[in-house]
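Peer 1: I'll drop the sequence and a predicted model, then ask my questions.
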Amino acid sequence: MSTELELPFRLDTQLTEVMRLRVQSLQQRGQKRQDGERLLLPNEAVYRLDFSKQSLRFSRWMVQLAQTGRLAVTATSQLWTPDLTNLMTRQLLEPVGVFWRAAGDASDAPIQCYEADAHEFGERIAELAKVRKVMYFLFAFADGCSPETVDCSIAFTVDS
């Protein structure tokens, strides 16, 4: 028998702030980032996904955009330990989940996405859940999208 488990992505305000301070510190000192380091852009924030179960099968994305905009979700690898190291570009996983609401879309129209990439991305998250209790993601907001206008979660099937 299987049940569905919906996990919400939660904004990690503390980690986002630490990464913003890193950018600010480099700018104030006139220094450059480390070779390969991935700095947080102004339109990005760090989100986390906490896994209460490890044996998951990807079911579907549940993304709501309250207005026109684009959301890109990028996962970080299990090798990134935010409390110990800076984020490096090699620690970003592909594919990226891209979701959008175009101008002129009806408010009840489904959110658009690159379906094959989104499905592969969801399956990859389910695989990583087997070895992780927490995963971190970069959410990039564009074209009118912001943290206040996005609600994002992911559903999995749990085998019992």
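Peer 2: Received the coordinates, thanks.

Peer 1: does R90 count as helix, strand or coil?
Peer 2: helix (DSSP: H, G, I helix; E, B strand; the rest coil).

Peer 1: Counting neighbours, what do you get for it?
Peer 2: 10 (other Cβ atoms under 10 Å). To be clear about C-beta, it is placed using only N, CA and C from the backbone, and glycine gets the same treatment.

Peer 1: so how far is E37 from it?
Peer 2: 10 Å (Cβ to Cβ, to the nearest Å).

Peer 1: Quick check: L21 is in a strand.
Peer 2: No. Read with three-state DSSP, L21 is helix and lies in no strand.

Peer 1: tell me the contacts of the residue nearest to the spatial centre of the chain?
Peer 2: Nearest residue to the geometric centre of the chain (Cα atoms, centre = their mean): F137, 3.4 Å. Residues near F137 by Cβ atoms under 8 Å, 6 or more residues apart in numbering: F9, V46, Y47, R48, L49, V73, T74, A75, T76.

Peer 1: before we move on, what about E123?
Peer 2: Here E123 is in contact with F58 (Cβ under 8 Å, 6+ apart).

Peer 1: That one belongs to a strand?
Peer 2: No. Assessed by three-state DSSP, E123 does not belong to a strand; its assignment is helix.

Peer 1: how about the strands in the chain?
Peer 2: Under the criterion DSSP state E, strands of the chain are mapped to 2-8, 10-11, 44-50, 56-65, 69-75, 97-101, 112-113, 134-142, 150-159.

Peer 1: between the ones you listed, which one is nearest to L84?
Peer 2: When the strands of the chain are compared by Cβ to Cβ, strand 134-142 sits nearest L84, at 13.0 Å.

Peer 1: quick one on the thing from earlier: to R20, which of the strands of the chain lies closest?
Peer 2: Closest among those, using Cβ to Cβ: strand 44-50, at 9.2 Å.
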